[in-house]
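Q: I'd like to go over a predicted model; first the sequence, then the structure.
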Amino acid sequence: MELVNASLPQVLSDLAKKVQRNILIFNHVTYTVNNLSVKGVTLEEAFSLLLKGTPFTFLLKDNVYLIGDGRNLRP
């Protein structure tokens with residue numbers, strides 16, 4: 001998958017759709033991905049790389065990936 005100047009929520013959503021996984025992205029998740037080229041990585045590895053250096057993280061709960069900051073992902 002290759003993208004240029006795409007919003008972070010759109011990139012995360014596109015990746016999840018590509019591997020047919022459910023995703024919920026909280027509305028405050030904003031950033032722009034300048035350039036992305038991923039091949040041969042798991043969805044979780046891609047999420048980790050994309051979210052590195054941001055205040056956001058992800059959690060898999062009930063077969064849905066939740067993406068937001070730590071406050072939103074607390075039990």
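A: Thanks, I have the structure now.
Q: gap between the residue nearest in space to the middle of the chain and residue 59?
A: The structure's the chain has its C-alpha centroid closest to residue 12; by C-alpha atoms, centre = their mean the separation is 3.6 Å. For residue 12, the distance to residue 59 (C-beta to C-beta, to the nearest Å) stands at 13 Å. C-beta here means a position set from N, CA and C on the backbone, and glycine is covered the same way.
Q: compute the number of surrounding residues for residue 25.
A: By other C-beta atoms under 10 Å, the residues close to residue 25 number 18.
Q: again, but for residue 24
A: Neighbours around residue 24, by other C-beta under 10 Å: 14.
Q: do the one 10 residues further on as well
A: Neighbouring residues of residue 34 were enumerated by other C-beta under 10 Å; the total is 9.
Q: wait, a strand at it?
A: Yes - the assignment for residue 34 (DSSP: H, G, I helix; E, B strand; the rest coil) places it in a strand.
Q: point out where this structure drops to low pLDDT.
A: 75 (pLDDT under 70).
Q: return the list of helices and strands in contact with the longest helix seen in it.
A: For the chain, the longest helix by residue count, based on DSSP state H, is helix 8-18. Where contact means 3 or more C-beta pairs under 8 Å, 6 or more residues apart in numbering; DSSP states H and E, helix 8-18 is packed against strand 2-7, strand 22-25, strand 32-37, helix 43-51.
Q: that helix to helix 43-51, inter-axis angle?
A: Compare the direction of helix 8-18 with that of helix 43-51 by axes from the mean of the first three to the mean of the last three C-alpha atoms, to 10 degrees and you get 170 degrees.
Q: how far out from the middle of the chain is helix 8-18?
A: Put simply, helix 8-18 sits 6 Å off its chain's centre (C-alpha atoms, centre = their mean, to the nearest Å).
Q: give me the buried positions along that helix.
A: Going by neighbour count (16 or more other C-beta atoms under 10 Å), the buried part of helix 8-18 is 8, 9, 11, 12, 15, 16.
Q: what lies in contact with that helix?
A: Helix 8-18 is touched from outside by 1, 3, 6, 22-23, 25, 29-33, 36, 38, 43, 46-47, 50, 54, 56, 65, 67, with contacts defined as C-beta atoms under 8 Å, 6 or more residues apart in numbering.
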